[in-house]
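# need the 3D shape of this:
(chains A, B, C and D)
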Protein chains: 2
Amino acid sequence: MYNPQLKTFLCVAKAGSFNKAAEQLFITPTAVIKQTNLLESNLQVQLFERTHRGLKLTAAGLSLARDAKYIIQYCRDSVTRAQNAIQTNSSVIRIGISPITPAQIMLEFWPKIHAICPDLKFQLVPYVNTVENAREILANLGQNIDGPGFLTILCLICANAPVWKFSESRCAVRFHCTTPWPKKTGSHKRE
Amino acid sequence: MYNPQLKTFLCVAKAGSFNKAAEQLFITPTAVIKQTNLLESNLQVQLFERTHRGLKLTAAGLSLARDAKYIIQYCRDSVTRAQNAIQTNSSVIRIGISPITPAQIMLEFWPKIHAICPDLKFQLVPYVNTVENAREILANLGQNIDGPGFLTILCLICANAPVWKFSESRCAVRFHCTTPWPKKTGSHKRE
DNA sequence: CTAGATTACGAGCACCGTAACAATA
DNA sequence: TATTGTTACGGTGCTCGTAATCTAG
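Down below sits the predicted model:
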C-alpha cells in the first residue's frame, strides 16, 4: 500500500544510522542509503544531516517522520477495513479496536453475549484511535466499523440490542440500529 | 510517497473500466489490469466485479477507494510540509490552506499587513482540513503550520501581533506567541 | 584500526508493451 | 462487429548486493 521507502526512512531515523537500520531491516547498508537518497531526491528535501559518526534528522525529516508513522498505520488499517468490508450486511458486529479501546474487555462479556445470541459474530477492526481523530471515527461509523470497542459492548449489555450506529448531533448522542437482530427480543426504533 | 497502484485503482474505480482508465493514465490496459490484479492479490481482497461490459466496485473496493483518496492527499501534503519545514524559526508565518480555509481573504488583508510589517513573509501550506480532523490540526499547530488561514489573519489584525500558537484547553482557546516579531510593537507573554 | 558513509559495477526481478485470444451486446 | 477483459511473451529499467574507497575518532 505505501512506499517501502517510508518504512526504511523511519527505521533509519529511529536507529540514527544507515548501518544499524540495514541490520534491522535485513538488507545491506547500500540499499538503505540508496532508498534514502532516492526519497530525498524525489521529495527534493534533505532529510538527514550526514556525519561519519551517524545521522541527525533535519526539520524536514522530523516533519516527514511524524507524517510517515501516521501514513503507514493508516494504510495498514485501510487494508484491514477493506478485507472486512466484504462481510457487511451479515450478523457481524465490527468493533473498532485500538490502544484506547482495547479488545480485552470483550473476553469478559463474551460468554454472556454468546448465551443471549449464539449466532452473533464479531469482527475486530484495528483503528488509529486518538483524541484528535475521534470525531472522524464517529462520523464514519457504520461504514467500516459499527462502533468503538467499549461503546459497542456497553450498547449490547445495556440495551440488549445487537448493533447500533452512533451519530453525533450537537451535544447529544443518538442511536440508530443498522443491522438485523438474529433473535428478536423486543421492539426497537429503526431507520 | 504512496503506492502508484493506489492512483491507478482510483482512476479505474472512477472510470468504471480498465480501458478507459488506461487511456486517462497514458498506459496500456494490460498494465492497468496487472496493477489491479497485483493490488488485489497483495491485499487478498477482491476490489472489482469484472464483467465484459465494465467494472463494479465491491464493498471492499468502496472502502479502499475512500481511504485511498485520503492517503494520496495526505501524502502530497506531507511532502509540502516537509519542504516548508526548513524555513522554520524565521520570520515566516505558515498558514494552513484548504477548501474550508481558503487563501482568498489573504489578498484582501495583505496590503495592510505589509504596511505594518514589510519584512514579514507568508507560506501557504496545503492541508486536509475537514470538520473531522479539525482537532488534529489544532493539536499539532506550530509544528507544520502556525494556524489555519482565517484564524491567523484575524490574529494578526486584531492583536497586532505576529504569530500565535493556538492551543485548545477545554472550552477556552489560549494564545501563545511562537516566533519573534520583526518589529517590536509591544510586550507579549511568551513561552 | 574501527565504524560508518559512499560509490562502481553486475545480476535479478518487477513492470510495461505488443500481440493474440475470449466473451458479451 | 465492436468493446472490454485477459493471457503469453519479450524487453527495458529499477533496485539490490558485492566489493572497494573515503573519512573521522
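# from here on, just use CA atoms for contacts and neighbour counts.
Will do.
# the inter-axis angle of the longest helix seen in chain A versus helix B:59-85?
Among the elements of chain A assigned as helix by DSSP state H, the one spanning the most residues is helix A:59-85. For helix A:59-85 and helix B:59-85, the angle between their directions (axes from the mean of the first three to the mean of the last three Cα atoms, to 10 degrees) works out to 170 degrees.
# shaky segments in chain A?
Judged by pLDDT under 70, chain A has its weakly predicted residues at A:86-191.
# could you rerun that using 50?
Within chain A, the set of residues satisfying pLDDT under 50 comprises A:89-90, A:150, A:153-154, A:156-191.
# gap between residue A:42 and DNA strand D?
Between residue A:42 and DNA strand D the computed distance is 10 Å (Cα to the nearest atom of the strand, to the nearest Å).
# what about that residue, how many residues nearby?
Per other Cα atoms under 10 Å in any protein chain shown, the neighbour tally for residue A:42 reads 11.
# mind listing what's buried along the strand or helix carrying it?
Using DSSP states H and E, residue A:42 maps to helix A:29-43. Applying a neighbour-count criterion of 16 or more other Cα atoms under 10 Å in any protein chain shown, one finds A:29, A:32-33, A:35-37, A:39, A:43 buried in helix A:29-43.
# filter those by proximity to chain B?
Among the buried residues of helix A:29-43, proximity to chain B is found for residue A:43 (Cα under 8 Å from any Cα of the partner chain).
# and the longest helix of chain A, which residues are buried?
Taking 16+ other Cα under 10 Å as the basis for neighbour counts, the residues of helix A:59-85 that come out buried are A:59-65, A:67-68, A:71-72, A:74-85.
# okay, the angle between it and helix B:29-43?
Direction vectors for helix A:59-85 and helix B:29-43, defined by the same axes, to 10 degrees, enclose an angle of 80 degrees.
# what is helix A:59-85 packed up against?
Identification of packing neighbours for helix A:59-85 by 3 or more Cα pairs under 8 Å, 6 or more residues apart in numbering or on different chains; DSSP states H and E yields helix A:4-15, strand A:121-126, helix B:59-85.
# minimum distance to residue B:1: which of those has it?
Proximity to residue B:1, assessed across the helices and strands packed on helix A:59-85 by Cα to Cα, is greatest for helix B:59-85 (6.2 Å).
# so is that closest one next to DNA strand D?
No - no part of helix B:59-85 sits near DNA strand D under the criterion Cα under 7 Å from any atom of the strand; the closest distance found is 14.6 Å.
# stretch A:12-21 too?
No - figure legend: stretch A:12-21 not in contact with DNA strand D (Cα under 7 Å from any atom of the strand); closest approach 11.0 Å.
# how about that stretch: buried residues?
For stretch A:12-21, burial by neighbour count (16+ other Cα under 10 Å) applies to A:12-13, A:15-21.
# what does that stretch contact?
A:8, A:11, A:28-29, A:32-33, A:54-57, A:65 (Cα atoms under 8 Å, 6 or more residues apart in numbering or on different chains).
# same thing with stretch A:42-50?
Stretch A:42-50 is contacted by residues A:40, A:55-62, B:79, B:82-83 when judged by Cα under 8 Å, 6+ apart.
# widest-spaced pair of those residues?
Of all pairs drawn from these, the one with the largest separation by Cα to Cα is A:55 and B:79; the distance is 20.7 Å.
# ok so, going back, turn the helices and strands packed on helix A:59-85 into a markdown table, columns for distance to DNA strand C.
Output for the helices and strands packed on helix A:59-85, formatted as a markdown table (distance: least, Cα to the nearest atom of the strand, whole Å):
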| stretch | distance to DNA strand C |
| --- | --- |
| helix A:4-15 | 8 |
| strand A:121-126 | 26 |
| helix B:59-85 | 17 |
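# contact residues of chain A facing DNA strand C?
Counting by Cα under 7 Å from any atom of the strand, the residues of chain A lying close to DNA strand C are A:16-20, A:29-30, A:33-34, A:50-55.
# which one of those residues is nearest residue B:4?
When the residues of chain A next to DNA strand C are compared for distance to residue B:4, the smallest value, 19.7 Å, is given by residue A:34; criterion: Cα to Cα.
# and residue A:51, what does it touch?
Here residue A:51 is in contact with no residues (criterion: Cα under 8 Å, 6+ apart).
# kind regards, and thank you for your time.
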